[in-house]
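Participant: Provided below are the primary sequence and the corresponding predicted coordinates.
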Amino acid sequence: MLRSDVVSLDKRHLWHPYTAADEFALIDPLVVARAQGARLYDADGRSYLDGNAQWWVAGLGHNHPRLIAALKQQADRFCHVSLAGVTHEPAAHLAEELVAIAPAGLSRAFFSDDGSTAIECALKMAVQFWQQSGQSKKQRFVALDGAFHGETLGATSLGGVEIFRRPYAGLLFDCLRARPPYDESSFAETFAALSSLLKTANNQIAALVLEPLVQGANGMRIYAPKFLQAARALCNEHDVLLIVDEVFTGLGRTGKMWACEHAAIAPDILCSAKALGGGLLPFAATLATERIFDAFRGDRSRMFYYGHSFGGNPLGAAVAREMLRVFADEKILDGITERSDRIAHTFSALGNISGTSRPRALGMIGAIDLPSANGYHSSIGWRVFEEAKKRGAYLRPLGDVVYVTPALNIPLSDLGELLQIVRESVISAAG
């Protein structure tokens, strides 16, 4: 099919996520024909370094040959059965392997489709846990200002980015808010506020929900590990569950397998998705402690009333298992140190450019602000996007925040090229 035919069909029938329809109607879009490693290739054969790992899912790059082989091998056996009273080898082994690498105490894996459903699962799991533990009033949740936990209504209710909540405000449940300590000087104040909140309302609160260390969709806002440690201690003190959303931060993105490891804490429930599917398939896991699972033992009235048709599907489970083996065999985490140092150095230097502020980096994340009055609706980030596209990189912004989250195993030569394009594009757009 000709490139022009693809664009014509798209503009007649497709509805794109987080995309202004009238603006998209006027642009000539990138038409991806194939992808390999850290690169996308358009219909004209030009390559683009993928600076965002396609909304953070391609943690090992595109079309990793071992993941493709695992997918094909499983497809030759069987493609799908549900986990409703059935089991299969890929799901059973994956549950064991995830528990083995998870923070201490997480012993059960519940599979669903994506990050939003992993969070939705955690919310329902927490509420039903307390109901079946004799504390049915514990139905409320605490989340941070600036949080983003997904697109379903429960996940959106937790969200603290107002422009994502506003269209659905009348449908969302009430959520208690705490402020994250984005800088060291605010730690005491934010800790005291969270402590007071949990102490006052602990008989109503089912769980505190956090994105550990990095609020991704809020512009890659980073806070210190000691806030996680304090939150864990407060949850223990007031008998509130701690749910960590590792959908973005997990599986190596922050330099460790889980962001929780930076603080040496373990949650009661952990949500994982995005990179878990290897960039091939949607796949999510909600991990829980044995204490949580035990509350669901008993007769049929105590079962967990939640499930997805494709939860734990054999294809996704087989790919996720191979993804974990690649992590071990190719020593992915060991390679992050040098790459993260280069990212941090580049973004620190970008902070010296007029019109930029707050350079920051953690693991395979680098971000900088190009402040504007319009924030998320700013056009300046998209000017950087266009400049980067001309130079051969895909660099989708978060409003006026320019960031990189490349594949964890991006070749060093490709990373150097990507970071040079980021620098040139920011200078061009800011100037």
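Facilitator: Nice, I can see it. Residues are numbered from 1 along each chain as shown.

Participant: rest of the way, CA atoms for contacts and neighbours
Facilitator: Will do.

Participant: quick one: low-confidence residue ranges for the stretch 151-300 of the chain.
Facilitator: For the stretch 151-300 of the chain, no stretch has pLDDT under 70.

Participant: now the strands for it?
Facilitator: Under the criterion DSSP state E, counting those that start in this stretch, the stretch 151-300 of the chain carries strands at the ranges 176-178, 205-210, 214-215, 221-222, 241-245, 269-272, 284-289.

Participant: columns mean neighbour count on top of those, output as a markdown table?
Facilitator: Listed next are the strands of the stretch 151-300 of the chain as a markdown table, based on neighbours: other CA atoms under 10 Å:
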| stretch | mean neighbour count |
| --- | --- |
| strand 176-178 | 19 |
| strand 205-210 | 26 |
| strand 214-215 | 24 |
| strand 221-222 | 20 |
| strand 241-245 | 27 |
| strand 269-272 | 28 |
| strand 284-289 | 27 |
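
Participant: of those strands, which is nearest residue 132?
Facilitator: strand 205-210 (12.3 Å; CA to CA).

Participant: quick one, what contacts the nearest residue to residue 115 once chain neighbours are set aside?
Facilitator: Closest residue to residue 115 apart from its sequence neighbours, by CA to CA, 6 or more residues apart in numbering: residue 273 at 5.1 Å. Neighbouring residues of residue 273 by CA atoms under 8 Å, 6 or more residues apart in numbering: 113-115, 118, 246-248, 282-285.

Participant: which strands or helices does the helix or strand where residue 120 lies pack on?
Facilitator: Assigned by DSSP states H and E, residue 120 falls within helix 115-131. Packing partners of helix 115-131 (3 or more CA pairs under 8 Å, 6 or more residues apart in numbering; DSSP states H and E): helix 153-158, strand 205-210, strand 241-245, strand 269-272, strand 284-289.

Participant: among the strands of the stretch 151-300 of the chain, which comes closest to residue 146?
Facilitator: strand 214-215 (7.2 Å).

Participant: what's next to the closest one, contact-wise?
Facilitator: With CA under 8 Å, 6+ apart, strand 214-215 has contacts from 146-148, 220-223, 249.

Participant: and with 10 Å instead?
Facilitator: For strand 214-215, the external contacting residues (CA atoms under 10 Å, 6 or more residues apart in numbering) are 144-149, 180, 182, 220-225, 245-246, 248-249, 254, 259, 361-362, 365.

Participant: for the residue nearest the centre of the chain, give me its contacts.
Facilitator: When CA atoms, centre = their mean is applied to the chain, the residue found nearest the centroid is residue 248 (2.0 Å). Residues near residue 248 by CA under 10 Å, 6+ apart: 55-57, 115, 149, 211-212, 214-217, 254, 258-259, 271-275.
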